[in-house]
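S.K.: can't give you the sequence, but here's the structure:
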């Protein structure tokens, strides 16, 4: 509710409001420094808001008598005690909420950690640490799951596992908030998106609506009679652009309209297809002016003495 966080004169989160709904996976996107991690930390009481409040399942996080049973959180996979085994790490956390050893063994199996359950966490790879973090988040069988970059360091099988798990949890009616920089993975996992930039909400809608609202569909055409086709489809709202591979891109007409116009003029088409914008296109368009750290364009430059 009008959530804000200031660090001196720097505004990390700028009076934002949003609701993460049960029964769907909500993606939380934004450039580095946008305020995502700060917002997630405020959700679970690790940072105190400068203004506003965050409620999880109708209460402040600190007001829940058994937080682990309400909210499962992965914000830092390295937070585990490196001297403990994975089993002992989970068992010690379970003990704080009266969770039995059978549930510990269950989440170890769910996360694919059976073969390393007795090994010290300090020797885990990044991917195995992520699996342990997810197992920890699921330990209390919570209704709400908040995961910050859960696929970081995972191999393709692990990434697919996280995707399938998140969608299964949402299908059970749970509330799932997931941040990631992998656009292709988010496009396959999320139902809804919240995009943040410089602490402000840039988009909050279904994934299809975010993409369609921030990008444009074009019609890709390949023909041996490019000039004739250009004359045929010419109009005040039609833009035709030549592509490097010899095809053309037409804005302002659907693929069906282009095909009908070409047929009427006797223009042969080797290819005609509608090309929709991607989540990556939408994300870049939305955050173009909100990036705090921007790399310089070094294409075509060489080393100088």
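M.R.: Sure thing, it's come through. Note that the structure is predicted; figures quoted are calculated from it, not measured.

S.K.: where does the stretch 151-300 of the chain have low pLDDT?
M.R.: 290-300 (pLDDT under 70).

S.K.: in this structure, where's the longest helix?
M.R.: helix 156-171 (DSSP state H).

S.K.: tell me what angle the helix or strand following it forms with helix 156-171.
M.R.: Next in sequence after helix 156-171, counting helices and strands by DSSP states H and E, comes strand 175-179. If you take axes from the mean of the first three to the mean of the last three Cα atoms, to 10 degrees, strand 175-179 sits at 150 degrees to helix 156-171.

S.K.: quick one: buried residues of the helix or strand following strand 175-179?
M.R.: Counting by DSSP H and E, the element after strand 175-179 in chain order, helix or strand, is helix 183-189. Of the residues in helix 183-189, 183, 185, 186, 187, 189 count as buried by neighbour count, 16 or more other Cβ atoms under 10 Å. For glycine as for every other residue, the C-beta is placed from the backbone atoms N, C-alpha and C.

S.K.: repeat for stretch 225-232
M.R.: Buried positions in stretch 225-232, judged by neighbour count with 16+ other Cβ under 10 Å: 226, 229, 230, 232.

S.K.: now render the residues you listed as JSON lines, adding secondary structure.
M.R.: JSON lines is the format used below for the buried residues of stretch 225-232 (DSSP: H, G, I helix; E, B strand; the rest coil):
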{"residue": "226", "secondary structure": "helix"}
{"residue": "229", "secondary structure": "helix"}
{"residue": "230", "secondary structure": "helix"}
{"residue": "232", "secondary structure": "helix"}
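
S.K.: figure out the helix or strand that residue 92 lives in.
M.R.: Using DSSP H and E, residue 92 falls within helix 86-95.

S.K.: also residue 201?
M.R.: Per DSSP H and E: strand 200-206 holds residue 201.

S.K.: partners of that strand, with directions?
M.R.: Partners of strand 200-206 in the sheet, by DSSP bridges, are strand 192-197 (antiparallel).

S.K.: can you list contacts of the partner strand?
M.R.: 16, 18, 20-21, 24-31, 34-36, 39, 186, 201-207, 210, 283, 286-287, 289-291 (Cβ atoms under 8 Å, 6 or more residues apart in numbering).

S.K.: what helices or strands is the helix holding residue 92 leaning on?
M.R.: helix 101-110, helix 126-138 (3 or more Cβ pairs under 8 Å, 6 or more residues apart in numbering; DSSP states H and E).

S.K.: thinking again about what came up before, which of the buried residues of stretch 225-232 lies closest to residue 258?
M.R.: Of all the buried residues of stretch 225-232, residue 229 has the smallest distance to residue 258: 8.0 Å, by Cβ to Cβ.

S.K.: so the closest one sits against residue 259, correct?
M.R.: No: when contacts are counted by Cβ atoms under 8 Å, residue 229 is not listed as touching residue 259 (10.8 Å).

S.K.: joint contacts of the two?
M.R.: With Cβ under 8 Å, 6+ apart as the test, residue 229 and residue 259 both reach residue 269.

S.K.: and residue 205, what are its bridge partners?
M.R.: Applying DSSP bridges, one finds that residue 205 bridges with residue 193.

S.K.: that one and residue 160: what is the separation?
M.R.: Taking Cβ to Cβ, to the nearest Å as the measure, residue 205 falls 26 Å from residue 160.

S.K.: residue 253 too?
M.R.: Taking Cβ to Cβ, one finds residue 253 at 38 Å from residue 160.

S.K.: out of the helices and strands packed on helix 86-95, flag the one nearest residue 11.
M.R.: Once these are compared by Cβ to Cβ, helix 126-138 is nearest, at 29.2 Å.

S.K.: and that closest one, how far from the chain's centre?
M.R.: 18 Å (Cα atoms, centre = their mean, to the nearest Å).
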